[in-house]
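K.L.:
generate a structure from the sequence data that follows.
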Amino acid sequence: LDEEDLAAGRTLDCPTLVLWGEFYLTGRDEPGSETALDVWRRTFAPQAQGQSIDSGHFLAEERPTETARALSAFLTPTG
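P.N.:
From the prediction side, this is the model:
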């Protein structure tokens with residue numbers, strides 16, 4: 001999506017996984033604060049799935065097992 005798409009209210013309609021490092025975002029402990037998933041659903045992909053991972057910015061380096069588990073669950077058909 002580019003600025004023109006966003007201005008026109010277009011969003012992604014494909015399966016979307018959002019992963020973020022819990023310690024990378026500020027405001028994570030504030031009541032009512034938006035998560036990365038909230039922002040993605042509101043702005044880019046209403047159907048997005050996701051979760052925070054107990055890490056900083058570099059999820060795959062800092063928590064490879066947890067990151068792989070989340071990716072695998074998303075990519076594996078449930079049938």
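
K.L.:
could you pull out the helices in this protein for me?
P.N.:
Secondary structure of the chain (DSSP state H): helices at 3-7, 36-43, 59-62, 64-75.

K.L.:
who are the packing partners of the last one?
P.N.:
Right, helix 64-75. strand 17-21, strand 49-53, helix 59-62 (3 or more C-beta pairs under 8 Å, 6 or more residues apart in numbering; DSSP states H and E). All C-beta atoms are positioned from the backbone trio N, CA, C, and that covers glycine.

K.L.:
okay, the residue nearest the centre of the chain: pLDDT?
P.N.:
Centroid-nearest residue in the chain: residue 18, 1.9 Å away (criterion: C-alpha atoms, centre = their mean). The model reports residue 18 with a pLDDT of 96.

K.L.:
try residue 35
P.N.:
Residue 35 is assigned a predicted lDDT (pLDDT) of 85.

K.L.:
thinking it is in contact with residue 48, fair?
P.N.:
No - judged on C-beta atoms under 8 Å, residue 35 makes no contact with residue 48 at a distance of 10.9 Å.

K.L.:
the more surrounded of those two?
P.N.:
residue 48 (21 against 17; other C-beta atoms under 10 Å).

K.L.:
can you count the residues close to the closest residue in space to that one that isn't next to it in sequence?
P.N.:
Leaving aside its sequence neighbours, residue 48 sits nearest to residue 16 (C-beta to C-beta, 6 or more residues apart in numbering; 4.2 Å). Using other C-beta under 10 Å, residue 16 is surrounded by 18 other residues.

K.L.:
JSON lines please, covering the helices and strands packed on helix 64-75 and showing distance to residue 68.
P.N.:
As requested, those are exported to JSON lines (distance: least, C-beta to C-beta, whole Å):
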{"stretch": "strand 17-21", "distance to residue 68": "11"}
{"stretch": "strand 49-53", "distance to residue 68": "11"}
{"stretch": "helix 59-62", "distance to residue 68": "8"}
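
K.L.:
out of those, nearest to residue 74?
P.N.:
strand 17-21 (4.4 Å; C-beta to C-beta).
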